[in-house]
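>>> got a predicted structure plus its sequence, pasted below:
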Amino acid sequence: MSTVKFMPFGRTLECAEGESILSSALSRGYFLRYGCKHGGCGTCKVFVTDGDIEDSGSSFALPRSERSAGWALACSSRPLSDCVIDISAMGLTEEEFLAGDRVETFETVIAHVSELTPTIRGVTLRLVSPPQIRFTAGQFVNVEVPGTVGVRAFSMANPPSASSEIELIVRIFPGGKFGEFLKYAKKGQPVRVSGPVGSLKVRLSYRKILMVAGGSGMAPMLSMLTDLAQKNDRRPATIFFGARTCEELYYTDRLKALCDLCAHAEFVPVVEHADGTWNGERGLVTEAIARRMGSLRGYDAYVCGPPPMVAATRELVIRSGVRQANVYFDAFVPTGMAEPSPTAG
């Protein structure tokens with residue numbers, strides 16, 4: 001049993017052996033921001049000012065440099081001694097911290113499943129109870145996989161204005177429980193979700209916007225871009241979407257239409273292995289950004305997709321002038337999968 005003290009509020013609790021800091025806080029009526037709960041998204045990042053902890057979270061969600069500096073993921077960290085944790089970076093008021101977990105559980109049914117690419121499905125869930133969800137564009141939900149004890153985190157692709165449904169973009173991969181479920185899922189089949197969670201959102205600022213997505217990482221970008229268009233936001237925005245092949249691109253017409261609605265928005269699809277009919281950008285998405293953008297001083301960058309892409313893009317945009325504090329990202333490592341190497345495809 002170890003004592004954990006949360007600053008700047010000075011509240012303490014006893015954390016049982018083997019219990020994570022996040023689980024301990026939530027079970028005792030405190031609230032910390034969290035997302036996937038398995039060390040893959042980085043939402044629950046805290047700073048350890050005193051004591052020793054063991055953190056088994058992903059190095060994509062928390063780079064080794066930050067871990068060495070004292071940062072940790074509350075969901076995957078267990079105290080090895082009495083410790084002091086600074087949660088100031090979460091931006092919580094003391095009232096919010098003391099209010100406890102406010103994430104809701106929603107009963108939904110499958111409304112539609114479509115094949116967007118050979119490995120990506122579009123899924124629309126209709127909310128039943130409660131009939132609406134309030135969220136910020138960029139957030140995600142945790143989806144319980146019917147017939148299993150598995151839970152998967154998926155960003156919402158619909159904007160907050162479409163509050164009676166949840167639109168997901170799901171990558172199908174070997175061993176993926178939700179992907180296996182979708183093979184046989186029927187319209188009207190119940191699915192339970194909880195949320196909203198996550199801290200990815202468009203920040204209010206004067207800076208230009210750079211969005212970079214790969215694979216199913218387009219979901220939060222669609223939500224945020226649609227929300228910006230509906231609010232008539234006039235900040236210049238450039239959206240890069242990287243895919244390995246032309247057949248892995250999807251929703252391109254939808255993205256172009258959204259950019260047409262925005263005052264100063266540009267959509268740039270990038271294909272790594274393009275055939276002779278492709279007239280757009282080729283190569284890695286980071287190569288296309290470097291070719292087209294030059295200096296990125298004065299930008300906010302939003303990045304979501306496969307962890308290797310997110311890591312490479314973060315490095316590039318910071319090197320090109322984006323302040324590290326103005327880089328916002330989601331890089332999920334699927335539960336139960338080995339962490340991919342930075343050179344993985």
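Sure thing, it's come through.
>>> make it CA atoms for all contacts and neighbour counts henceforth
OK.
>>> give me the below-cutoff pLDDT ranges for the chain.
For the chain, the stretches flagged by pLDDT under 70 are 60, 331-345.
>>> if we go to 80?
With pLDDT under 80 as the threshold, the chain has low-confidence stretches at 35-42, 57-61, 102, 150, 263, 330-345.
>>> mind checking the longest strand of it?
Of all the segments assigned as strand in the chain under DSSP state E, the longest by residue count is strand 104-117.
>>> give me the residues contacting that one.
Counting by C-alpha atoms under 8 Å, 6 or more residues apart in numbering, strand 104-117 makes contact with 121-130, 182, 185-196, 247-251, all of which sit outside it.
>>> in it, what counts as buried?
Buried residues in strand 104-117, counted by 16 or more other C-alpha atoms under 10 Å: Thr105, Phe106, Glu107, Thr108, Val109, Ile110, Ala111, Val113, Leu116, Thr117.
>>> and the furthest pair within these?
For the buried residues of strand 104-117, the maximum inter-member distance is 30.0 Å, found between Thr105 and Thr117 (C-alpha to C-alpha).
>>> how about the nearest residue to Ala89, chain neighbours excluded?
With C-alpha to C-alpha, 6 or more residues apart in numbering as the measure, Val46 is the residue that lies nearest to Ala89, at 6.9 Å, once sequence neighbours are left out.
>>> quick one: name whatever helix or strand follows the host helix or strand of the one you found.
In this assignment (DSSP states H and E), Val46 forms part of strand 45-50. Proceeding N to C from strand 45-50, the next assigned helix or strand is strand 53-55, under DSSP H and E.
>>> so which bits of the following helix or strand past that next one are buried?
Scanning forward in sequence from strand 53-55 by DSSP H and E, the next helix or strand is helix 64-69. Neighbour counts over helix 64-69 (16+ other C-alpha under 10 Å) mark Arg67 as buried.
>>> picking up where we left off before, from the chain's centre, how far out does the longest strand of the chain sit?
18 Å (C-alpha atoms, centre = their mean, to the nearest Å).
>>> next: stretch 131-143.
With C-alpha atoms, centre = their mean as the basis, the mean position of stretch 131-143 lies at 12 Å from the chain mean.
>>> dump stretch 158-178 to PDB, keeping only the CA atoms.
These are the backbone C-alpha positions of stretch 158-178, laid out as PDB (Å, rounded to 0.1, in the frame of the first residue of the first chain):
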ATOM      1  CA  ASN A 158     -19.400  12.900 -36.600                       C
ATOM      2  CA  PRO A 159     -19.500  16.500 -35.400                       C
ATOM      3  CA  PRO A 160     -21.100  17.400 -32.000                       C
ATOM      4  CA  SER A 161     -24.100  18.700 -33.900                       C
ATOM      5  CA  ALA A 162     -25.000  15.100 -34.900                       C
ATOM      6  CA  SER A 163     -25.700  14.200 -31.300                       C
ATOM      7  CA  SER A 164     -28.100  11.300 -31.800                       C
ATOM      8  CA  GLU A 165     -25.500   9.100 -33.400                       C
ATOM      9  CA  ILE A 166     -21.900   7.900 -33.100                       C
ATOM     10  CA  GLU A 167     -19.900   7.500 -36.400                       C
ATOM     11  CA  LEU A 168     -16.800   5.400 -36.200                       C
ATOM     12  CA  ILE A 169     -14.000   4.500 -38.600                       C
ATOM     13  CA  VAL A 170     -12.700   1.000 -37.800                       C
ATOM     14  CA  ARG A 171      -9.500  -0.600 -39.000                       C
ATOM     15  CA  ILE A 172      -9.800  -4.300 -39.500                       C
ATOM     16  CA  PHE A 173      -6.600  -6.200 -38.300                       C
ATOM     17  CA  PRO A 174      -5.900  -9.800 -37.500                       C
ATOM     18  CA  GLY A 175      -7.200 -10.700 -34.100                       C
ATOM     19  CA  GLY A 176      -9.200  -7.500 -33.700                       C
ATOM     20  CA  LYS A 177     -12.300  -8.400 -31.700                       C
ATOM     21  CA  PHE A 178     -14.500  -5.600 -32.900                       C
END
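>>> show me how far the strand holding Val46 is from its chain's centre.
Between the mean C-alpha location of strand 45-50 and the chain-wide mean there is a distance of 22 Å, by C-alpha atoms, centre = their mean.
>>> hmm, who's touching that strand?
Taking C-alpha under 8 Å, 6+ apart as the rule, strand 45-50 contacts 62, 70-74, 83-90.
>>> kindly recompute the last result at 10 Å.
If you take C-alpha atoms under 10 Å, 6 or more residues apart in numbering as the criterion, strand 45-50 is touched by 4-7, 32-34, 39, 61-62, 66-67, 69-75, 77, 81-90.
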